[in-house]
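Enquirer: here is a sequence together with a model predicted from it:
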Amino acid sequence: MTFTITELRVTIRGTEILRGVDLDVQKGQVHGVAGESGSGKTMTGLAVLGLLPHGAVASGRVELAGRDLLGLPDKDLGRVRGNEIAMVFQDPATSLHPMLSVGRQLTEHMRSHLGLSRAEARERAAELLAKVRIPGPAEALTRYPHQFSGGMRQRIAIAVALACDPQVLIADEPTTALDVTVQAGILRLLRGLCDELGLAIMLITHDLGVMSAIADEVSVMRSGAVVESGPRDTVLRAPSHPYTRSLLEALP
């Protein structure tokens, strides 16, 4: 299974935000998308899921399992979103609902997409929490996001994204708000899930150090376009584009 983005363009009020983005994300691989703030990384992920801001218009092709997601009606795209493609956002404090228990947030879309009973969904939810290494998963289902640390909340957000066995996981700066030790644990978790489940992971980050630790392929974005793409070691050790070299030279 290949998840392919071809000539993706996004225009907002006459201004072109994405300028012909091309990406191939392979099954069982982590494809890192790097670039500074404003380069279009997050906008690319939002365009894939049909979550663009009001007034934005997307064109091009986003292909999964032979279907162009950009051409799907909203109802059909709603069945894909969270089911076949899921997204982990940068800050779990805002992506997780503060007034809903962890169990409710994990089971709600499982029951909707997978047709599971309440008991079946709860059992699967506990298994997912165990998979992302949340201690005492059965008890954790009854608790609320604010009762967990930042790193644990991000693990829960990953569990929510995995609830319906997606083929593609888009992780948008999933470690930015975490300290270095917790960040390393989240990266190991994502790499392990990719290898174990055969996920195609699109990892969005401004940190090339994160790329060197986890990515198989790397694409570098600048001003809404991909300026360089290739295997991790090739891009990070022998970059061909001046912008990529500048990003590497800016690392502390």
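Expert: Cool, the structure landed. Computed from a predicted structure; not experimentally measured. Numbering: from 1, shown residues only.

Enquirer: mind exporting the C-alpha coordinates of the helix or strand T94 falls within to CSV?
Expert: Using DSSP states H and E, T94 falls within helix 92-95. The C-alpha trace of helix 92-95 is given here as CSV (Å, rounded to 0.1, in the frame of the first residue of the first chain):
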residue,chain,number,x,y,z
PRO,A,92,-2.6,16.6,23.2
ALA,A,93,-3.8,19.1,25.8
THR,A,94,-6.0,20.7,23.0
SER,A,95,-6.6,17.6,20.8
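
Enquirer: what's the offset of the next helix-or-strand element following it from the middle of its chain?
Expert: Note on helix 92-95: by DSSP H and E, the next helix or strand toward the C-terminus is helix 102-114. Distance, stretch centre to chain centre, for helix 102-114: 19 Å (Cα atoms, centre = their mean, to the nearest Å).

Enquirer: about what we covered before: mind listing what's buried in the helix holding T94?
Expert: Residues of helix 92-95 classed as buried by neighbour count (16 or more other Cβ atoms under 10 Å): 92, 95. Where C-beta positions appear, they are placed from N, C-alpha and C, glycine not excepted.

Enquirer: which residues does it contact?
Expert: Residues outside helix 92-95 that contact it (Cβ atoms under 8 Å, 6 or more residues apart in numbering) are 88-89, 145, 150, 153-154, 156-157, 177.

Enquirer: swap in 10 Å and give it another go.
Expert: 87-89, 105, 145-146, 148, 150-158, 160-161, 172, 174, 177-178 (Cβ atoms under 10 Å, 6 or more residues apart in numbering).

Enquirer: buried among the residues you listed? Need that as a selection in ChimeraX.
Expert: To isolate the buried members of the contacts of helix 92-95 in ChimeraX, using 16+ other Cβ under 10 Å:
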select :87,88,89,105,145,148,151,152,153,154,155,156,157,158,160,161,172,174,177,178
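
Enquirer: among the contacts of helix 92-95, which are in helices?
Expert: Judged by DSSP state H, helices contain the following of the contacts of helix 92-95: 105, 150-158, 160-161.

Enquirer: redo these as JSON lines? Include distance to T234 and pLDDT.
Expert: Listed next are the ones in helices among the contacts of helix 92-95 as JSON lines, based on distance: Cβ to Cβ, whole Å; pLDDT from 0 to 100:
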{"residue": "Q105", "distance to T234": "40", "pLDDT": "93"}
{"residue": "G150", "distance to T234": "34", "pLDDT": "87"}
{"residue": "G151", "distance to T234": "32", "pLDDT": "88"}
{"residue": "M152", "distance to T234": "36", "pLDDT": "91"}
{"residue": "R153", "distance to T234": "35", "pLDDT": "92"}
{"residue": "Q154", "distance to T234": "30", "pLDDT": "89"}
{"residue": "R155", "distance to T234": "32", "pLDDT": "91"}
{"residue": "I156", "distance to T234": "35", "pLDDT": "93"}
{"residue": "A157", "distance to T234": "32", "pLDDT": "91"}
{"residue": "I158", "distance to T234": "29", "pLDDT": "91"}
{"residue": "V160", "distance to T234": "34", "pLDDT": "91"}
{"residue": "A161", "distance to T234": "29", "pLDDT": "91"}
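
Enquirer: brilliant, that's me finished.
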